[in-house]
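Student: starting from these lines, generate the structure:
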Amino acid sequence: MSTTTKPKAKSTTDTTPPLALPPQLQRAVEVSATKAVEAAIASRPSAPPNAGPYTSGAKDLQLDLSEPSRQAKLYAHTGLRMKAAYLARAKALGQAQGEHFDKLGKFIERTKALGQFASVFEQGGSFLRETVSTELVELIRPNSILFRAGVRTISNYGAKLTMGVVDEGVQVYWSAEGRPAALSTMKGGALVLNAHKLIARARVSNDLLRLGTIDSSALIGQDMSAAVAQEVDITGIKGTGPSKPNGVRSQMDSGNVVASSGTTAANKITDTDAAMKLVEKANIPGGLEANKAFYYCSTDTFYALRQTRDNAGWVFPELRDATAPKLNGFPVIRGELLAGDKTLGFGLAAQLIFGEAVPLEVATGEDADDFSSDLFTMRGVTQVDWLLRYRQAFGEVTGINY
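Tutor: Sure thing, here's the model as predicted:
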């Protein structure tokens with residue numbers, strides 16, 4: 001009897017080691033696998049938010065500035081103080097009744113929690129007359145052509161500040177050993193910053209004052225800033241005492257004024273050079289660039305120069321940039337405050353000083369008449385002055401007919 005031998009079952013476990021991949025192919029596989037894992041991790045959804053309403057981090061639009069710049073905050077600071085003064089005055093007159101005043105009161109209370117406006121409330125007490133902690137200079141700088149030019153500022157000096165001697169700066173000299181130093185002599189009196197009271201008065205809509213938002217506060221502060229800046233600029237150039245500060249034209253050397261040479265393109269070139277030459281010839285320490293030299297003129301004169309052409313093209317191509325115009329490499333400041341002056345000026349901003357003797361104060365109306373007309377009178381009060389350190393630091397071409 002034959003015996004049939006059954007074949008052995010094949011083992012399910014193959015212990016034969018796999019063939020090794022070539023090194024280059026192995027590296028490619030590893031890189032590919034790594035990238036696949038990273039992509040899978042990156043595609044996972046983030047952790048879901050906590051269940052329930054989220055209120056602690058919600059944005060309060062009433063306390064949010066649409067333009068959160070430092071300058072907007074300064075405007076809002078001033079406007080907020082005006083709103084607080086308005087509310088305090090309304091309460092004193094028995095007029096603070098109704099939903100609008102309730103909302104305004106709650107809004108002002110909420111602003112106390114904002115650190116950026118803490119100084120509005122830190123003095124406590126009545127808001128009928130309070131001092132704004134930010135300096136007037138910072139408030140009006142963007143709206144002032146003279147501040148944009150780079151004039152110097154001195155604050156909180158009180159009634160008077162003696163600066164030095166007219167047209168006499170630092171004296172530098174050589175001296176032999178053992179010899180006493182030479183004494184300076186007074187040439188034309190002392191340079192003094194005085195204090196002239198400046199009052200900005202505005203009649204503001206009650207609706208705007210009652211509106212409880214930071215943006216509306218900034219709008220009120222900006223209006224006050226623009227009005228004060230315009231008056232400060234006018235006196236800075238054209239002011240005459242004694243009630244107002246003396247401006248540049250009252251303090252500059254009378255010899256630094258020349259007449260316009262005419263209206264042709266060549267005449268305009270002569271005029272722009274003449275204004276600059278008057279100041280450069282004075283050889284004021286620091287020169288033109290270090291002293292922030294600039295041109296200034298009316299809007300009409302600016303556009304007349306800007307549009308001047310000859311056979312070669314634009315005579316003053318630097319003026320074609322209306323946002324940052326220049327003449328002979330120096331900035332040109334123009335404004336309607338110089339309208340009708342027929343003057344092209346050139347000056348050293350760093351030699352013109354604006355003095356803010358005391359901080360700006362905000363005061364409210366004094367009677368109830370404004371409430372009946374749905375308007376309210378607000379006042380900004382400060383004391384300021386202008387001082388030109390060197391009388392030849394400014395020069396002007398007059399009789400401009402273009």
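
Student: ok, Ser216 - contacts?
Tutor: Shown in contact with Ser216 (C-beta atoms under 8 Å, 6 or more residues apart in numbering): Gly79, Leu208. From N, CA and C alone the C-beta is placed, and that goes for glycine too.

Student: could I get the pLDDT score of it?
Tutor: With respect to pLDDT, Ser216 has a value of 77.

Student: then Glu336?
Tutor: 90.

Student: try Val228
Tutor: Val228 is assigned 85 on the pLDDT scale.

Student: same thing with Ala72?
Tutor: Reported pLDDT for Ala72: 76.

Student: pretty sure it sits in a strand.
Tutor: No: per DSSP: H, G, I helix; E, B strand; the rest coil, Ala72 lies outside any strand segment and is helix.

Student: my guess is it contacts Ser217. True?
Tutor: No: using C-beta atoms under 8 Å, Ala72 is not in contact with Ser217, being 9.9 Å away.

Student: with neighbour numbers in mind, choose between these two.
Tutor: Taking other C-beta atoms under 10 Å, Ala72 and Ser217 do not tie; Ser217 has more neighbours (30 against 19).

Student: in which helix or strand does the more buried one reside?
Tutor: Here Ser217 is covered by helix 214-238, with elements defined by DSSP states H and E.

Student: tell me the SS of Ile400?
Tutor: Going by three-state DSSP: Ile400 is coil.

Student: whoops, I mixed them up, Lys277
Tutor: helix.

Student: any idea of the mean pLDDT in whatever helix or strand comes next after the helix holding Ser217?
Tutor: Tracing the chain C-terminally past helix 214-238 and defining elements by DSSP H and E, one meets helix 248-251 next. Helix 248-251 carries an average pLDDT of 96.

Student: and helix 248-251, what does it pack against?
Tutor: Applying 3 or more C-beta pairs under 8 Å, 6 or more residues apart in numbering; DSSP states H and E, one finds that helix 248-251 contacts helix 214-238, strand 375-388.

Student: after it, next one along is what?
Tutor: strand 257-259.

Student: what does that next one contact?
Tutor: Looking at what lies outside strand 257-259 - C-beta under 8 Å, 6+ apart - the contacts are Ala274, Leu278, Gly395, Glu396, Val397, Thr398, Gly399.

Student: assumed the fourth one was part of a strand.
Tutor: Think Glu396. Yes: Glu396: assigned to a strand according to three-state DSSP.

Student: measure the residue lying closest to it once chain neighbours are set aside to Gly286 for me?
Tutor: Nearest residue to Glu396, sequence neighbours excluded (C-beta to C-beta, 6 or more residues apart in numbering): Gly345, at 4.5 Å. With distances taken as C-beta to C-beta, to the nearest Å, Gly345 is found 19 Å from Gly286.

Student: more neighbours, these two?
Tutor: Gly345 (25 against 13).

Student: need the pLDDT of the more buried one.
Tutor: 97.

Student: give me the sheet partners of the helix or strand encompassing it and which way each runs.
Tutor: Taking DSSP H and E as the criterion, Gly345 maps to strand 343-348. Paired strands of strand 343-348, with direction, are strand 293-297 (antiparallel), strand 394-398 (antiparallel) (DSSP bridges).

Student: so which of those strands is the most packed in?
Tutor: strand 293-297 (a mean of 26; mean count of other C-beta atoms under 10 Å).

Student: could you check the angle the next helix or strand after it makes with strand 394-398?
Tutor: Moving toward the C-terminus from strand 293-297, the next helix or strand (DSSP H and E) is helix 299-306. For helix 299-306 against strand 394-398, the angle by axes from the mean of the first three to the mean of the last three C-alpha atoms, to 10 degrees is 80 degrees.

Student: helix 299-306 packs against which elements?
Tutor: Applying 3+ C-beta pairs under 8 Å, 6+ apart, one finds that helix 299-306 contacts helix 265-280, strand 330-334.

Student: what about the residue most central in space within the chain, which SS state?
Tutor: Residue closest to the average C-alpha location in the chain (C-alpha atoms, centre = their mean): Pro142, at 3.8 Å. Three-state assignment for Pro142 (three-state DSSP): helix.

Student: picking up where we left off before, save the helices and strands packed on helix 299-306 as JSON lines, and put in mean neighbour count and distance to Ala363 too.
Tutor: JSON lines is the format used below for these (neighbours: other C-beta atoms under 10 Å; distance: least, C-beta to C-beta, whole Å):
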{"stretch": "helix 265-280", "mean neighbour count": "19", "distance to Ala363": "41"}
{"stretch": "strand 330-334", "mean neighbour count": "21", "distance to Ala363": "32"}
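
Student: let's have these in TSV, adding distance to Ala226.
Tutor: Compiled in TSV, the helices and strands packed on helix 299-306 are given as follows (distance: least, C-beta to C-beta, whole Å):
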stretch	distance to Ala226
helix 265-280	28
strand 330-334	16
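
Student: nearest to Asp310, out of these?
Tutor: Comparison of the helices and strands packed on helix 299-306 against Asp310 by C-beta to C-beta identifies helix 265-280 as nearest, at 4.8 Å.

Student: and that closest one, how far out from the chain's middle?
Tutor: Computed by C-alpha atoms, centre = their mean, to the nearest Å, the chain-centroid distance of helix 265-280 equals 31 Å.
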